[in-house]
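J.: model this:
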Amino acid sequence: MKHITGFILLSILWGWTLSPAQDARNIEQIAQIKHWTANDVVIDGNLAFCAAGFDGLRLLDIADPTLPVEISSQPITGYARSLIVQDGFAYIAADWGGLVIVDVSIPYHPYETGYSDDYPGQAVSVAKNGDIVFVGYGTRGLAAVDARDAWAPRSLSLYTPGWSVGRLATRSDYLFVAAAERGFYALDISDPLNISQAAHLDNPTYDIQVFDNYAHIARGAAGAARIDVSDPQRLRYSGSFSQRQALTRLTIQGGLLAAMDNMNNSQSVELFSLSPGRTPTALGLYRTNEQLLSMALKEDILALATGKGGLDIIDFQNLQNPRLVGFHFIGMDVMGIEFAGDYACILGDWLTVYDVSSAGRPASVGRVELNITVDPFYMMRNLVYVPCGSDGLRVFDITNPRRPELAGLFSHPNAPFYFNARDVQVVNSLAYIVGSRNIWILDVANPADMQILGYFVYYGDAYPRTLNVYSDYCYVATVFSGVSILDISDVRHIREAGYIACPNYAEDVVVDGDIIYIATWGDQDAGIRIYSLANLAEPVEIGFCPIESRLLDIEKNADFLYVAAYDRGVRVIDVSDPERPFEMGCYDDAFDQISSVAPRGNLIYAAGRNHFNTYRLMNRPFDVSSEAVVSPGQFIMLAYPNPFNSRVAFDFNLPQPGKWTLSVYTTNGSEIVRLADGWQSAGLQQVVWNAEGMPSGTFLVYLAGPNRFSTSKVTLIR
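T.: So this is what the prediction gives:
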């Protein structure tokens with residue numbers, strides 16, 4: 001199962017950890033927005049911690065409720081069902097993974113410290129009392145785990161009561177257990193080695209929250225009620241306070257209680273005020289059409305996890321009119337990315353607008369549900385052009401990024417042939433659109449009244465896939481027939497001016513001057529094929545860069561070609577010499593399935609399946625086949641958080657194996673600690689410096705290796 005190698009143990013003793021990332025060269029991933037659903041949510045200060053099933057632990061900064069930002073995540077062994085956060089650690093009930101402990105003292109760099117999976121079964125709930133963590137294993141019972149050492153938690157006992165252990169809550173030496181239809185149980189946990197039943201009420205219980213001397217319970221179809229637990233040996237039912245018919249979750253913060261109702265077609269969250277000794281008083285109600293999964297309160301803000309994924313932020317300041325003020329969300333089946341200024345549009349089953357002004361912290365600001373099949377899209381200024389298959393072309397206005405609005409629709413009943421829009425590019429108020437067997441040209445100067453100007457029909461095996469408009473020509477990638485070159489100088493009379501017969505399927509094309517780059521894949525050599533267009537009648541292949549994958553999207557920026565290589569991640573090709581292209585960088589994660597890529601400066605944005613990633617091109621690339629020497633100073637190292645308190649993480653990419661040294665110095669040049677000194681393999685690495693005992697101040701960090709060095713300043717604040 002899990003184990004710790006001697007190398008990692010040595011790292012811990014030295015106060016740092018070193019962990020290689022995915023297969024990467026010259027590219028580092030600096031952010032990922034992923035589709036996930038939260039089974040449980042906990043708010044601690046300005047952070048929301050989400051137990052996200054197979055997507056592990058996700059951390060969001062909600063200091064600004066209108067712009068929640070995911071700042072980090074931590075994969076875990078198991079399926080994250082529920083969690084608690086105390087004293088810089090997250091304790092996660094991880095289903096078949098048992099109890100998992102994650103250090104979150106540095107929120108930007110969480111890491112798993114220990115686990116306990118000594119008992120078979122599914123860990124579904126967790127609570128902590130002092131140094132002891134209690135884990136509910138459903139029908140298998142209740143486990144007590146000594147967690148004083150977060151690196152080596154120790155199982156103490158397994159209590160098997162004969163009923164299913166659900167949600168948990170603690171008070172003094174007692175643990176309260178929700179046992180669904182079996183009722184409410186109070187267990188004496190004063191001796192964790194000998195847990196015993198103290199009392200029981202035959203009252204359906206699905207969740208428990210304790211305030212003052214009362215346990216507030218969600219009773220499903222019976223609403224919510226209070227139980228007097230001032231004497232846990234003699235529980236007393238104290239009446240109901242909500243009659244809603246499907247209450248499954250409760251959460252308390254300060255003097256507020258929120259109750260989640262998952263009644264079909266009437267999902268809602270009701271807010272109550274709490275006062276010692278008094279029945280909760282209803283304050284307000286928030287209704288939604290989404291399935292509700294979990295929630296957490298922070299003052300007047302409710303973080304709400306729903307079935308569509310991500311996290312919604314609800315403002316309860318106006319109790320009569322609670323409203324959605326922010327969200328963190330990305331849809332499924334992400335198809336593409338387009339930019340306008342500091343905003344990026346991500347297209348999937350939703351159109352989501354992100355603020356990307358901070359490269360490492362993209363924040364979702366607006367969204368609209370599409371409920372249609374979509375294909376790669378195009379964005380110009382504040383308008384987003386979305387091909388929607390048989391639903392035609394839709395145009396959205398994002399002048400107000402928080403409220404995207406439909407500005408126009410063109411559908412196939414308005415066309416002489418079946419429309420079926422699959423790709424689009426807009427040039428000078430003209431939209432060039434790929435259909436199932438056609439290329440359409442529309443006047444889109446007025447999105448509310450789009451008009452057909454011309455079209456071209458393909459026959460035989462030519463099935464257009466994508467296009468690229470350059471000057472007076474439209475270059476169309478066709479799946480079985482290479483690249484078709486259309487003369488569009490007269491948009492009402494389009495004619496074919498030439499074609500390129502590729503040996504494989506042509507998926508995407510980019511034209512720059514008299515050079516065309518074609519993404520091809522199939523049974524023969526897959527990769528980027530480069531042709532000269534000096535003679536349109538007879539294009540000549542002049543270069544080829546192999547990439548063994550299905551290449552779905554290519555974009556050119558300066559001397560580089562950026563490739564979405566599906567199961568081979570993001571690839572960057574140096575095409576400064578089109579006759580000698582070579583791959584100079586990659587970030588390859590087989591689980592990402594990259595379908596779209598968009599470069600901006602030294603940043604690369606990529607999307608696929610259910611995620612939106614941000615990468616950084618680490619340094620000016622060089623041809624690894626040459627004998628070029630890399631000049632020192634090009635190497636980049638990142639430190640975060642900075643300033644820091646106690647611990648700081650360093651990220652850096654080792655371009656080649658060799659002897660590398662990482663040291664920390666005072667500003668007068670005295671070495672404080674050497675964090676790494678020895679042979680290291682190539683790839684993205686992380687080192688955490690534990691600066692406990694060091695005084696506040698500025699320190700210099702020096703990383704040196706074969707032909708390269710990097711320095712950075714970090715500030716410790718106590």
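
J.: C-alpha only now, for contacts and for neighbours.
T.: Noted.

J.: wait, residue 596 sits on residue 337?
T.: Yes: using CA atoms under 8 Å, residue 596 is in contact with residue 337, at 6.6 Å.

J.: spit out the residues that contact the two alike.
T.: 606, 607 (CA atoms under 8 Å, 6 or more residues apart in numbering).

J.: tell me which of these two has more neighbours.
T.: Just comparing residue 596 and residue 337: by other CA atoms under 10 Å the higher neighbour count belongs to residue 596, 28 against 25.

J.: confidence score at that one?
T.: Residue 596 carries a pLDDT value of 90.

J.: so how far is residue 256 from it?
T.: 44 Å (CA to CA, to the nearest Å).

J.: neighbours of the closest residue to residue 445 other than its chain neighbours, how many?
T.: Distances taken as CA to CA, 6 or more residues apart in numbering put residue 429 closest to residue 445, at 4.9 Å, once the chain neighbours are dropped. Using other CA under 10 Å, residue 429 is surrounded by 13 other residues.

J.: who's in contact with residue 429?
T.: 443, 444, 445.

J.: just residue 717 next, same as before
T.: 643, 644, 645, 696, 697.

J.: which ones among these are found in strands?
T.: Of those, the ones assigned to strands by DSSP state E are residue 697.

J.: closest to residue 194 among the contacts of residue 717?
T.: The shortest gap between residue 194 and any of these belongs to residue 645, at 40.4 Å (CA to CA).

J.: per-residue confidence at that closest one?
T.: In this model, residue 645 carries a pLDDT of 80.

J.: quick revisit: would you quantify the distance from the residue nearest to residue 445 to residue 444?
T.: 5 Å.

J.: hang on, the earlier thing: do you know the pLDDT at the residue nearest to residue 445?
T.: 92.

J.: likewise the one 10 residues further on?
T.: With respect to pLDDT, residue 439 has a value of 92.

J.: let me see the contact set for it.
T.: 432, 433, 455, 456, 457, 464.

J.: could you flag which of those residues are buried?
T.: By neighbour count, with 16 or more other CA atoms under 10 Å, these hold 432, 433, 455, 456, 464 as buried.

J.: give me the common contacts of residue 429 and residue 444.
T.: With CA under 8 Å, 6+ apart applied, the contact sets of residue 429 and residue 444 do not overlap.

J.: how does this structure divide into domains?
T.: 36-328, 637-716 (automatic domain parsing).

J.: most neighbours per residue, which of the ones you listed?
T.: domain 36-328 (a mean of 20; mean count of other CA atoms under 10 Å).

J.: I'd say residue 466 and residue 435 touch.
T.: No: between residue 466 and residue 435 there is no contact under CA under 8 Å: 9.4 Å.

J.: in the stretch 1-150 of the chain, which spans are strands?
T.: Using DSSP state E, counting those that start in this stretch, the strands of the stretch 1-150 of the chain run over 23-25, 27-34, 40-44, 47-51, 57-61, 69-74, 82-86, 89-93, 99-103, 111-116, 125-129, 132-136, 142-146.

J.: wait, which of those strands is closest to residue 543?
T.: strand 23-25 (22.5 Å).

J.: okay but residue 472 is in contact with residue 485, surely?
T.: No: in this structure, residue 472 is not within contact of residue 485 by CA under 8 Å, at 10.2 Å.

J.: the two: who's more crowded?
T.: A direct count of neighbours by other CA under 10 Å for residue 472 and residue 485 places residue 485 higher, at 22 against 11.

J.: report the beta-bridge partners for residue 51.
T.: Per DSSP bridges, the residues bridged to residue 51 are residue 40, residue 57.

J.: likewise for residue 27?
T.: residue 617.

J.: cool, residue 665 as well?
T.: Under the criterion used (DSSP bridges), residue 665 bridges to residue 671, residue 700.

J.: residues touching it, list them.
T.: Residue 665 touches 671, 672, 673, 699, 700, 701, 702, counting by CA under 8 Å, 6+ apart.

J.: where are the low-confidence patches of this protein?
T.: Applying pLDDT under 70 to the chain flags the ranges 1-23, 264-265, 359-360, 373-376, 412-419, 590-591, 619-637, 668-669, 706-709.

J.: please enumerate the strands of the stretch 401-550 of the chain.
T.: Using DSSP E, counting those that start in this stretch, strands in the stretch 401-550 of the chain cover 405-410, 423-427, 430-434, 438-443, 451-457, 464-470, 473-478, 482-487, 495-500, 505-512, 515-521, 527-532, 540-546.

J.: just to check, residue 30 is in contact with residue 617?
T.: No: using CA under 8 Å, residue 30 is not in contact with residue 617; the gap is 10.3 Å.

J.: those two: which is more packed in?
T.: residue 617 (21 against 16).

J.: correct me if wrong: that one contacts residue 27.
T.: Yes: with contact defined as CA under 8 Å, residue 617 counts as touching residue 27 (4.7 Å).

J.: beta-bridge partners for the closest residue in space to residue 467 that isn't next to it in sequence, please?
T.: Nearest residue to residue 467, sequence neighbours excluded (CA to CA, 6+ apart): residue 476, at 4.3 Å. Residue 476 has these beta-bridge partners by DSSP bridges: residue 467, residue 484.

J.: any common contacting residues for residue 466 and residue 435?
T.: Common neighbours of residue 466 and residue 435, using CA under 8 Å, 6+ apart, are 422, 423.

J.: the protein: helices as residue ranges?
T.: 6-13 (DSSP state H).

J.: need the outlier residue of it, farthest from its centre.
T.: Most distant residue from the mean C-alpha position of the chain: residue 234, 47.2 Å away (CA atoms, centre = their mean).

J.: what sits against it?
T.: Counted by CA under 8 Å, 6+ apart, residue 234 has contacts residue 199.

J.: phi, psi of it?
T.: Phi and psi for residue 234, reported as degrees, to the nearest 10, are phi -140, psi 80.

J.: what's the span of stretch 159-173, first residue to last?
T.: 16 Å.

J.: list of residues touching that stretch?
T.: Contacts of stretch 159-173 (CA under 8 Å, 6+ apart): 124-129, 136-143, 175-180, 182, 188-190, 195, 206-210.

J.: how close does residue 274 sit to residue 214?
T.: 11 Å.

J.: from residue 515, how far off is residue 535?
T.: 11 Å.

J.: so those two - more neighbours on which side?
T.: Under the criterion of other CA under 10 Å, the comparison of residue 535 against residue 515 puts residue 515 first, with 18 against 10.

J.: my guess is that one meets residue 531, correct?
T.: Yes: when contacts are counted by CA under 8 Å, residue 515 is listed as touching residue 531 (5.8 Å).

J.: hey, what's residue 606 bridged with?
T.: As for beta bridges, residue 606 partners with residue 597, residue 613 under DSSP bridges.

J.: give me the neighbour count for it.
T.: With other CA under 10 Å as criterion, residue 606 counts 30.

J.: residues contacting it?
T.: Here residue 606 is in contact with 336-337, 564, 570, 594-598, 612-615 (CA under 8 Å, 6+ apart).

J.: make it 10 Å
T.: Taking CA atoms under 10 Å, 6 or more residues apart in numbering, we find residue 606 in contact with 32, 334-337, 346, 553, 562-564, 569-570, 592-599, 612-615.

J.: again, but for residue 73
T.: 31-32, 49-50, 52, 55-60, 107-111.

J.: same check on residue 557?
T.: Taking CA under 10 Å, 6+ apart, we find residue 557 in contact with 512, 598, 599, 600, 601, 602.

J.: show the buried residues in the residues you listed.
T.: Buried members of the contacts of residue 557, counted by 16+ other CA under 10 Å: 598, 599.
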